[in-house]
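Student: Just a sequence and a predicted model for now, questions to come.
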Amino acid sequence: MSSIGRLIVFAAPAGGGKTTVIRAVRKAHPGWLFSCSATTRSPRPGEVDGQDYYFLTRDEFLARVAAGEFLEYEDVHGNLYGTLGTIVDEALAKGETMVLDLDVKGAASIKRFYPEATTVFIKPPSLEILKERLEKRGTESAEVIAKRLTRAEMELAQAELFDCVIVNDEIDRAVAEVLRCIERGRKPVE
């Protein structure tokens with residue numbers, strides 16, 4: 001099969017600034033497609049079904065898992081998250097650039113399916129700053145934040161597996177580095 005599309009995968013610990021960076025990349029490349037993951041968690045204020053996530057019940061999600069519709073999925077703090085394969089495959093078949101917003105485990109799964117994908121890890125400057133960011137959100141209990149920080153340590157240890165690791169200490173600089181990384185890593189998915 002000939003080269004048909006491009007896949008870019010972002011991952012970061014919760015609170016690492018991945019969503020903010022992806023919004024800036026979206027602004028810089030409005031023609032790119034940004035995959036919408038499915039989740040069983042409740043929408044946060046301002047999130048739109050089918051734009052930010054596909055919000056599914058746990059039963060709906062598990063039925064789609066059983067049907068083999070997910071490229072990857074994960075239980076994160078009691079909520080399921082996953083990437084629907086048809087969305088990625090359709091975009092790549094049309095020659096589009098598709099951007100995925102995943103966790104570290106999901107990014108590793110995608111890399112197994114699509115070894116040509118460019119993977120980008122957004123790293124917080126420190127665990128202390130990450131904790132401050134999570135607390136500032138005001139959406140999670142101290143217990144959930146502690147779990148997220150424990151998970152972040154594991155995710156940070158896997159950052160070296162990514163094509164690019166970007167420290168998000170200053171958003172404009174981080175976005176510029178991400179865009180340079182993506183340009184260097186231009187790999188079509190075959």
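Tutor: Here it is on my side, so go on. Nothing here was measured: the structure is a model prediction, and the numbers come from that model. Numbering: from 1, shown residues only.
Student: Do a quick rundown of the helices in the protein.
Tutor: Assigned by DSSP state H, the chain shows helices spanning 18-28, 58-66, 85-93, 104-113, 127-137, 142-157, 171-184.
Student: now the angle between helix 18-28 and the last one, please.
Tutor: With axes from the mean of the first three to the mean of the last three C-alpha atoms, to 10 degrees as the criterion, the two stretches helix 171-184 and helix 18-28 enclose an angle of 60 degrees.
Student: is the residue most central in space within the chain in a bridge, and if so with what?
Tutor: In the chain, the C-alpha nearest the mean C-alpha coordinate belongs to Asp101, at 1.9 Å (C-alpha atoms, centre = their mean). According to DSSP bridges, the residues that bridge with Asp101 are Phe10.
Student: Distance check, it against Ala67.
Tutor: Look at Asp101 and Ala67: by C-beta to C-beta, to the nearest Å, they are 23 Å apart. Where C-beta positions appear, they are placed from N, C-alpha and C, glycine not excepted.
Student: before we move on, what about Ser42?
Tutor: Counting by C-beta to C-beta, the gap from Ser42 to Ala67 is 24 Å.
Student: re earlier: JSON lines for the helices of the chain, including mean neighbour count, mean pLDDT and distance to Asp52?
Tutor: Shown next, in JSON lines, are the helices of the chain (neighbours: other C-beta atoms under 10 Å; pLDDT from 0 to 100; distance: least, C-beta to C-beta, whole Å):
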{"stretch": "helix 18-28", "mean neighbour count": "16", "mean pLDDT": "92", "distance to Asp52": "9"}
{"stretch": "helix 58-66", "mean neighbour count": "14", "mean pLDDT": "98", "distance to Asp52": "16"}
{"stretch": "helix 85-93", "mean neighbour count": "17", "mean pLDDT": "92", "distance to Asp52": "14"}
{"stretch": "helix 104-113", "mean neighbour count": "19", "mean pLDDT": "91", "distance to Asp52": "16"}
{"stretch": "helix 127-137", "mean neighbour count": "15", "mean pLDDT": "90", "distance to Asp52": "15"}
{"stretch": "helix 142-157", "mean neighbour count": "15", "mean pLDDT": "93", "distance to Asp52": "19"}
{"stretch": "helix 171-184", "mean neighbour count": "15", "mean pLDDT": "92", "distance to Asp52": "19"}
